[in-house]
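> Provided below are the primary sequence and the corresponding predicted coordinates.
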Amino acid sequence: MTARQAIALVAWREIHEHLRSKVFIWSTVLLLVVVGGSTALSSVLHTTDKTYRVVVVAPLPGGLDAALQRAAKPFEAKVKLEAVRSAAAARARLETRKADAALVLSRNRIVFQKTIDTKLAAIADGGVRSVRRHLPPAPELTAATVEPPSSSSSDAETLVAMLGAMMLLASLAVYGQWVLTGVVEEKANRVVEVIVATVRPRHLMAGKVIGIGLLGVAQIALIGGLAAALLAAGVFDAPASLGASVALLVPWFALGFALYAVAYAAAGAIASRTQDASSAGLPVTYTLLAMFWLGYVTLSVNADSVLAQLLTVFPPTAPLVLPARSALVGVPIWQHVLALVLVLVAIYALVRLAGRIYGAGLLRSGPRLNLRAALRLARQP
């Protein structure tokens, strides 16, 4: 049996066994229902039309109010129009938050306080164009802000970043534990002695990691794909561009799983009893938790800081930090590429080290090895 055939056989066995697990099936269904159900909840919470408060510097063109109402209908919104005598009065309304925008028609501008509302800008542009009987393509109004646009992340971006990182953390921990307990159970019931008679230990480890990893990727892809599609379709009141950030969860889960799962497999190989599984995997779990909290705190303080950029490309934190930071402030292409290269190098190095520990500890019985003893066994020819 070739190495590829052995790995594929072990991977298929893992997929077949876990697909029959009710835990996997119901957890997938539950998560899909939660994501899909949030669509219905969002529609219920937004059944009433949003009313925009707009001030216009006098004089008002005839029919502007009716034109704005017509332009707002496709957006399921309404416009409450108010005339003011001067631009200073309009600015005062914006600063006191008594208006969402101000129309200065003499200068062909729509002015916001800090953030441009693209929906309201489109409504105002359509209404003014209708009154003036002007046709596209050139915009009728130029959008501007009184104050510099806020650089802080929106609530939607923060929510996607936080939930995405937590989802990755939970998935890595759960599927990593599957690898860990699977290895320990095979050792405890001596099944592994039969398996390694025909399959090399490193191929057994690779097949186990790949099989469980494919299940994890499929689950994350289903959930993340549904969320990304709903964002792109504009179902949620959030920028459609966040769909790309949600889609990033899938490849980075695969990379993060490959990085941590081999460590869980090695931890399982040095445990001798099923009761030792939890304690054997604690160093890996604690490392994963520490990397998550380090990234979470850093992004909460300043997502553009030097430390945040370092954690974006640092292999143990990259799977958790890069998708979250991409949703918050965006990540340059060169950092995506550098993070990918460094994580792949780290996976290769860890696979070689963990493979030796796995092979040395798999058939060993007796008390659980400590890390130093495991590394010493791994160095033996």
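Good, I have the coordinates. Numbers count the residues shown, from 1 in each chain.
> going by C-alpha atoms from here, please, whenever you check contacts or count neighbours.
Noted.
> list the buried ones in stretch 53-66?
Arg53, Val54, Val55, Val56, Val57, Ala58, Leu64, Asp65 (16 or more other CA atoms under 10 Å).
> got the CA positions of that stretch in PDB?
Output of stretch 53-66 as PDB, limited to C-alpha atoms (Å, rounded to 0.1, in the frame of the first residue of the first chain):
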ATOM      1  CA  ARG A  53     -34.400  63.600   8.800                       C
ATOM      2  CA  VAL A  54     -33.100  66.000   6.100                       C
ATOM      3  CA  VAL A  55     -32.700  69.700   6.300                       C
ATOM      4  CA  VAL A  56     -32.600  71.900   3.200                       C
ATOM      5  CA  VAL A  57     -31.200  75.400   2.900                       C
ATOM      6  CA  ALA A  58     -34.000  77.600   1.600                       C
ATOM      7  CA  PRO A  59     -35.400  78.100  -1.000                       C
ATOM      8  CA  LEU A  60     -36.900  74.700  -1.600                       C
ATOM      9  CA  PRO A  61     -37.500  73.600  -5.200                       C
ATOM     10  CA  GLY A  62     -41.100  72.800  -5.900                       C
ATOM     11  CA  GLY A  63     -42.000  69.100  -5.600                       C
ATOM     12  CA  LEU A  64     -38.800  68.200  -3.700                       C
ATOM     13  CA  ASP A  65     -40.600  66.600  -0.800                       C
ATOM     14  CA  ALA A  66     -42.700  64.300  -3.000                       C
END
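> for it, give me every contacting residue.
79-87, 90, 93, 98-105, 127-128, 131 (CA atoms under 8 Å, 6 or more residues apart in numbering).
> change it to 10 Å
70, 72, 78-91, 93-94, 97-106, 110-112, 120, 124, 127-132 (CA atoms under 10 Å, 6 or more residues apart in numbering).
> same question for stretch 337-352.
Residues outside stretch 337-352 that contact it (CA under 10 Å, 6+ apart): 202, 205-206, 252, 255-263, 266, 310-319, 322, 333-335, 353-358, 378.
> relative to the whole chain's centre, how far out is it?
Centre-to-centre, stretch 337-352 and its host chain are 20 Å apart (CA atoms, centre = their mean, to the nearest Å).
> for it, which positions count as buried?
Buried residues in stretch 337-352 (16+ other CA under 10 Å): Ala339, Leu340, Leu342, Val343, Leu344, Ala346, Ile347, Leu350, Val351.
> before we move on, the earlier item: quick check on the contacts of stretch 53-66: which are buried?
By neighbour count, with 16+ other CA under 10 Å, these hold 70, 72, 78-79, 81-84, 87, 89-91, 93-94, 99-105, 110-112, 120, 124, 127-131 as buried.
> and Arg53, which of the three is it?
Look at Arg53: counting by DSSP: H, G, I helix; E, B strand; the rest coil, its state is strand.
> per-residue pLDDT, it?
Arg53 is assigned 92 on the pLDDT scale.
> report the separation between it and Arg109.
16 Å (CA to CA, to the nearest Å).
> Val33 now?
Counting by CA to CA, the gap from Val33 to Arg109 is 44 Å.
> again, but for Leu344
51 Å.
> so where's the stretch 251-381 of the chain uncertain?
In the predicted model of the stretch 251-381 of the chain, residues 272-277, 359-381 satisfy pLDDT under 70.
> can you give me the helices in the stretch 101-250 of the chain?
Counting by DSSP state H, counting those that start in this stretch, the stretch 101-250 of the chain has helices at residues 118-132, 155-188, 191-195, 201-232, 242-247, 249-269.
> how about the stretch 251-381 of the chain?
With DSSP H, counting those that start in this stretch as the criterion, the stretch 251-381 of the chain has helices at 277-301, 306-313, 318-328, 333-361, 371-379.
> next, format those as JSON lines and append distance to Arg13.
Below are these laid out as JSON lines (distance: least, CA to CA, whole Å):
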{"stretch": "helix 277-301", "distance to Arg13": "21"}
{"stretch": "helix 306-313", "distance to Arg13": "34"}
{"stretch": "helix 318-328", "distance to Arg13": "27"}
{"stretch": "helix 333-361", "distance to Arg13": "19"}
{"stretch": "helix 371-379", "distance to Arg13": "27"}
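> nearest to Glu140, of those?
helix 318-328 (31.7 Å; CA to CA).
> for that closest one, packing partners?
helix 155-188, helix 242-247, helix 249-269, helix 277-301, helix 306-313, helix 333-361 (3 or more CA pairs under 10 Å, 6 or more residues apart in numbering; DSSP states H and E).
> tell me which of the ones you listed sits most buried.
Ranked by mean neighbour count under mean count of other CA atoms under 10 Å, the helices and strands packed on helix 318-328 are led by helix 249-269, which reaches a mean of 26.
> what helices or strands is that helix leaning on?
Partner elements for helix 249-269 (3+ CA pairs under 10 Å, 6+ apart): helix 155-188, helix 201-232, helix 277-301, helix 318-328, helix 333-361, helix 371-379.
> quick check: mean pLDDT across stretch 222-237?
68.
> switch the helices and strands packed on helix 318-328 over to JSON lines; also include distance to Leu226.
JSON lines is the format used below for the helices and strands packed on helix 318-328 (distance: least, CA to CA, whole Å):
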{"stretch": "helix 155-188", "distance to Leu226": "13"}
{"stretch": "helix 242-247", "distance to Leu226": "9"}
{"stretch": "helix 249-269", "distance to Leu226": "12"}
{"stretch": "helix 277-301", "distance to Leu226": "25"}
{"stretch": "helix 306-313", "distance to Leu226": "25"}
{"stretch": "helix 333-361", "distance to Leu226": "24"}
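> and those: which comes nearest Gly225?
Comparing the helices and strands packed on helix 318-328 by CA to CA, helix 242-247 comes nearest, at 6.4 Å.
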